[in-house]
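J.: 3D model of this:
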Amino acid sequence: MTAMHRVDLLHVAGFKSCPFYKRATGIAKSLAEKSVIGKVQLCEFDTQDEFQTWLLSSNGRASLKSADAEEHSTSPLCWTNDNGYIGSFLALKHFAEESGVDLVLQQDITEVAPSVALQETPGYLRNGGSFTDVTDVPGATLAGGFSQSCTGEWAGWLCEFSPVTGALLPVPEHLVSQDLVDWGMVPPGFEIMVSERTAEQHERRTVTLLPETGCRAEAARADVRCTTLSLANLVGSIMAQAFTLDTRPASGLQELCTFFFTKSKNGPADRDGAKAALAYRYRVTLTVSIFDSMPILPSAKSLHVAVERKWHQDGFVLDANLSSAIINGGSGPSGLDLDLVSTAVGSPCFGEGSHTPVASPAEHGLRQTSLPAGLVLREKPGSWLEVALRSSTGEETVVRRDVAFEAPTVHLFVPA
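T.: Numbers count the residues shown, from 1 in each chain. Predicted coordinates:
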């Protein structure tokens, strides 16, 4: 169902203490007030058990006759009068945003789930609210959802930060021109162009533009890396558009890779003239030693964050612009026109100027590091490590790993 299609009747089913159901009903009412839909019909259950019983019955998700609906397992369930499956709270929220409806979700909540004691809350600095596990079952459906989200041409900025303080670490001077070093103009990060697609395996090519000045900038030197990603270790949630794909690139090291996909962006606004953004992506890569003792953040080897915008739906269409000498990897003149790079990247660097590093004191052994673009790292040494993306209203999509990095889970947090 597209956002341009007017819906006569929208159904929202859930249990009454569920904060996501409450927010979905608020969105539905806003859609009706804006005449995007005709009427709203609520199907409210007193308890979660009653909702799950209905959901799994022939009158629940099975009645929608949709392969996606058959895998729906959370509150709420949203669909249209013609049995058109929408999905969860986030799916309805995306539909509303694409329909141009301005949402003020905080006003839609009259009560939320009880607060959890500070020491028992997975994200310890959250002052109450609901914390719901939305992790999908691993398999072909999850891999297909991840690949669909990733496939395309991406462009953005790659920056390195201190895992402890969140402070930006400038680009190493040996990777920039001497003119920029002499003028004190070492950039905060690298512009990157990333091509992704899935055939038999998931392929990624990363073109990292090396900073230059003056006429030499027209040559746009670049470093190109081509990788093939195994999705065997993929964990995540299609509904929340959050995933992990952890790898071991070298003996004794582990890369904890976290992905968030959104329709809107945290950070600097896109420039005038930028290519249209089809989606935004946040990639957080924390490299750790599997031999280091706890806590993890103070001993991490590196922390890299990429904030990217999808400017083309298909992957590897950038080939026509790249130099044949580096198209399959290597370094040298990229062949890329700077206007193409600028309009694809589309915005100033997210890591520059707008963020004051904040690292919480290690109270009770609990740590938090805030990063630009709404990203947060939290750790309870010996127990769990979290990477979260926070919205302007305080909602969070949270990826949590246990101490052995063996069972990542995806959660949605709604503040009280």
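
J.: helix, strand or coil for Ala62?
T.: helix (DSSP: H, G, I helix; E, B strand; the rest coil).

J.: Excluding sequence neighbours, find me the nearest residue to it.
T.: Spatial nearest neighbour of Ala62, excluding adjacent residues (Cβ to Cβ, 6 or more residues apart in numbering): Glu70 at 6.9 Å. Yep, even glycine has a C-beta here, placed from its N, CA and C like the rest.

J.: Share the number of residues neighbouring the one you found, please.
T.: 12 (other Cβ atoms under 10 Å).

J.: ok, now Ser195?
T.: Count around Ser195 with other Cβ under 10 Å applied: 23.

J.: if I look at it, how far off is Ser149?
T.: 15 Å (Cβ to Cβ, to the nearest Å).

J.: And Val36, by the same measure?
T.: On the measure of Cβ to Cβ, Val36 and Ser149 end up 25 Å apart.

J.: What of Gly330?
T.: Taking Cβ to Cβ, one finds Gly330 at 28 Å from Ser149.

J.: Repeat that for Ala67.
T.: 18 Å.

J.: More neighbours: those two, which one.
T.: Neighbours were counted for Ala67 and for Ser149 using other Cβ under 10 Å; Ser149 has more, 18 against 9.

J.: OK, contacts around that one?
T.: Gln241, Phe243, Phe259, Phe261, Ala279, Arg281 (Cβ atoms under 8 Å, 6 or more residues apart in numbering).

J.: What about the fourth one, how many residues nearby?
T.: The local packing of Phe261 (other Cβ under 10 Å) involves 23 other residues.

J.: That one in helix, strand or coil?
T.: strand.

J.: Nearest spatial neighbour of it, chain-adjacent residues omitted?
T.: Phe261 sits nearest to Gln241 (Cβ to Cβ, 6+ apart), 4.0 Å away.

J.: Report whether the expected contact of that neighbour with Thr258 is present.
T.: No. Contact between Gln241 and Thr258 fails when scored by Cβ atoms under 8 Å: they sit 11.8 Å apart.

J.: neighbour-wise, which of the two wins?
T.: It is Thr258, of Gln241 and Thr258, that has more neighbours when counted by other Cβ under 10 Å, with 28 against 22.

J.: And the next helix or strand past the helix or strand encompassing the more buried one?
T.: Thr258 is part of strand 253-262, with elements assigned from DSSP states H and E. Using DSSP H and E, the helix or strand that follows strand 253-262 in sequence is strand 279-289.

J.: buried ones in that next one?
T.: Ala279, Tyr280, Arg281, Tyr282, Arg283, Val284, Thr285, Leu286, Thr287, Val288 (16 or more other Cβ atoms under 10 Å).

J.: Adding distance to Arg400 and pLDDT, write those out as JSON lines.
T.: Shown next, in JSON lines, are those (distance: Cβ to Cβ, whole Å; pLDDT from 0 to 100):
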{"residue": "Ala279", "distance to Arg400": "24", "pLDDT": "95"}
{"residue": "Tyr280", "distance to Arg400": "22", "pLDDT": "96"}
{"residue": "Arg281", "distance to Arg400": "20", "pLDDT": "97"}
{"residue": "Tyr282", "distance to Arg400": "16", "pLDDT": "97"}
{"residue": "Arg283", "distance to Arg400": "17", "pLDDT": "98"}
{"residue": "Val284", "distance to Arg400": "13", "pLDDT": "98"}
{"residue": "Thr285", "distance to Arg400": "17", "pLDDT": "97"}
{"residue": "Leu286", "distance to Arg400": "13", "pLDDT": "95"}
{"residue": "Thr287", "distance to Arg400": "19", "pLDDT": "93"}
{"residue": "Val288", "distance to Arg400": "16", "pLDDT": "88"}
